[in-house]
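Trainee: missing the sequence, but the structure's below:
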């Protein structure tokens, strides 16, 4: 988990610091002993399948749930049991939760009004927030009269107008259609740079997390499995779950045979990839786009390979995905669609190859 | 294939849908609606409008010397009598008690309705059944039960004695009437409140708390405005029957606390002054009608 990269975090007070946080609902453990530091100004994504505890974690930071055990600090101040209105944190809710009985303007002004900010200042800051999310001209509309994208912007403005120290976003793009979602990804990222606030957002969409976040925390079944930059997580997943959840991947069963060498199920040895004890069952993670494909007798000297039968080809336009079947595993190989090159046919014997720096070893 | 073939026809149909066509369709739909609601209309005319008309006619009639009513010599005497101090006092007392009952019901029922609305579906249904259980027993019997509870050697007296508050006789006082009315009409407040709170997205409450509102501010700025239709509906459902209540004040109230309902009954049965009874009934009816109209004009349409 890239220790070196975490250094900037320890330099200053973390925006959010969770220490051994556990949340139980009756006998169900929603969040299990999570330690996490989120740095000031960071764009942090909590990623995981539904029910993994990511939303519960976010709600604990917001103050909408209180941790059963552990300590939660926001900018160094213990905040575990502070009610939500006493925290310098605002939330963009999953379905935006705009007040249906108020106009856009009143929605945005709500937080400032509750903080008893003077009328003049409210007017100025509301105007500023509305123009920040480009909603000028819609001030007097009600939320029912807005499109999904516009509602999302109102929710953002309503939170940002309070100048929170941390902005929490719960699946903020989940309700939008694909095209709008991609557009908003870029906008959110730009907005975060502009306002310089720490963003913590929850998503089940790995692509969204990879595109937007500075760092990602991957969760499953209440546990925080890995924290790192998108590149660290994609290239050095800590276990099978993370490898599978982030992007497409081939996982080849293997076991550790010596200090730093693992052995695939078919006997191929891969050196220099493990510090786990001998005998540990592991998986070798080979990304489809990192795998090579050659005729069985033309594999380059510096590549390792396995030979199988080509089952089929999926045509994606910009790329081709080849499915190669071995008797113990099924592999996918992705090749850019370029003229020329090796184009085997279904049924042919092919070699799937890799260089040592293209694979990583994960715990099974 | 059929789907593809369908398409062009649909487009043609849409092109034919000129304003005249749409108007004709609308007329046909409203005709159907009228026919379907005919039984309800007939019922309303027969059992509501006609009796009301009769009451109105009697309110302008004259009481004769033998306690009967002459349907002649039309006048406004019965209405003039409503201005007399005795009647006016009864009117104001009834209004005040109805308002008080409504307010108490509102204050008691709101937290309860909110509690029910925020439970899991199973608990929710169970609690709604509890709210409705009293309806399974006759209203009159339940009122007599209160007579026992509030009476000389009843539960309340015993408790107040045990607490050293002295012997407090509640029965046959105004307080007893209010207790009885609140008890009787509370479900009519709980149910509409529950219905309107249940529809509110509870993430709005969380959003409000997240935006620095305290619990009370959240109630005042978010919950209350959004549950207003339920507040108004419940208030009307409690206020209207409280204003004309007869059974509860008769059983739990004393002679000093005559209310409208009892007074009207007295006019018809004891004083044999049908015009005055009729005019009071008619005024009461008008007040309630106006209240209901106000509801549909304001709260009923919003949300």
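Mentor: Arrived safely, thanks for sending. Bear in mind that the values here come from a model prediction, so they are computed numbers and not experimental data. Numbering: from 1, shown residues only, chains lettered A, B, ... in the order given.

Trainee: Helix or strand: which one has the residue in chain A sticking out farthest from the centre?
Mentor: Centroid-distance maximum for chain A: residue A:297 at 40.7 Å, with C-alpha atoms, centre = their mean. Using DSSP states H and E, residue A:297 sits in no helix or strand.

Trainee: The longest helix along chain B: which residues count as buried?
Mentor: Across chain B, the longest stretch assigned as helix under DSSP state H is helix B:85-117. Within helix B:85-117, the residues that qualify as buried are B:87, B:90-91, B:93-95, B:97-98, B:100-102, B:104-105, B:109-110, B:112-114, B:116-117, counting by 16 or more other C-beta atoms under 10 Å in any protein chain shown. Every C-beta, even on glycine, is put in place using the N, C-alpha and C of the backbone.

Trainee: domain parsing for chain B?
Mentor: B:2-59, B:81-297 (automatic domain parsing).

Trainee: just chain A next, same as before
Mentor: According to automatic domain parsing, chain A comprises the domains A:4-240, A:248-363.

Trainee: Pull the distance from the last one to the chain's centre.
Mentor: The one in question is domain A:248-363. 26 Å (C-alpha atoms, centre = their mean, to the nearest Å).

Trainee: next one: the longest one
Mentor: What separates the centre of domain A:4-240 from the centre of its chain is 13 Å, taken as C-alpha atoms, centre = their mean.

Trainee: and the residue most central in space within chain B, helix, strand or coil?
Mentor: Centroid-nearest residue in chain B: residue B:237, 1.6 Å away (criterion: C-alpha atoms, centre = their mean). The local conformation at residue B:237, judged by DSSP: H, G, I helix; E, B strand; the rest coil, is helix.

Trainee: What residues does it make contact with?
Mentor: For residue B:237, the contact set (C-beta atoms under 8 Å, 6 or more residues apart in numbering or on different chains) comprises B:185, B:188-189, B:192.

Trainee: got JSON lines for those residues, with distance to residue A:47 too?
Mentor: Shown next, in JSON lines, are the contacts of residue B:237 (distance: C-beta to C-beta, whole Å):
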{"residue": "B:185", "distance to residue A:47": "54"}
{"residue": "B:188", "distance to residue A:47": "50"}
{"residue": "B:189", "distance to residue A:47": "47"}
{"residue": "B:192", "distance to residue A:47": "44"}
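
Trainee: What about those residues, which one has the most neighbours?
Mentor: residue B:189 (29 neighbours; other C-beta atoms under 10 Å in any protein chain shown).

Trainee: Residue A:159 belongs to a helix?
Mentor: Yes: Residue A:159 forms part of a helix when assessed by three-state DSSP.

Trainee: Show the pLDDT at the spatially closest residue to it that is not a sequence neighbour.
Mentor: Spatial nearest neighbour of residue A:159, excluding adjacent residues (C-beta to C-beta, 6 or more residues apart in numbering or on different chains): residue A:90 at 3.8 Å. Residue A:90 is assigned a pLDDT of 96 by the prediction.

Trainee: Ok, the one 10 residues further on next?
Mentor: If you check residue A:100, the pLDDT there is 94.

Trainee: Phi and psi next, for the residue farthest from the centre of chain A.
Mentor: Backbone torsions for residue A:297, taken as degrees, to the nearest 10, come to phi -100, psi 10.

Trainee: what do you get for residue A:362?
Mentor: phi -120, psi 160.

Trainee: Now do it, the pLDDT please.
Mentor: Looking at residue A:362, its pLDDT stands at 88.

Trainee: what helices or strands is the helix ranked longest in chain A leaning on?
Mentor: Across chain A, the longest stretch assigned as helix under DSSP H is helix A:178-195. The contact analysis (3 or more C-beta pairs under 8 Å, 6 or more residues apart in numbering or on different chains; DSSP states H and E) places helix A:178-195 against helix A:119-132, helix A:148-160, helix A:206-212.

Trainee: which is the next helix or strand following that helix?
Mentor: strand A:198-203.

Trainee: Does that next one reach chain B?
Mentor: No: between strand A:198-203 and chain B, judged by C-beta under 8 Å from any C-beta of the partner chain, nothing touches; the nearest distance is 13.6 Å.

Trainee: Let me know the angle separating that strand from helix A:178-195.
Mentor: Interaxial angle of strand A:198-203 relative to helix A:178-195 (axes from the mean of the first three to the mean of the last three C-alpha atoms, to 10 degrees): 160 degrees.

Trainee: which neighbours does strand A:198-203 have in its sheet, and in what orientation?
Mentor: Looking at strand A:198-203 with DSSP bridges, its partner strands are strand A:43-47 (parallel), strand A:166-170 (parallel).
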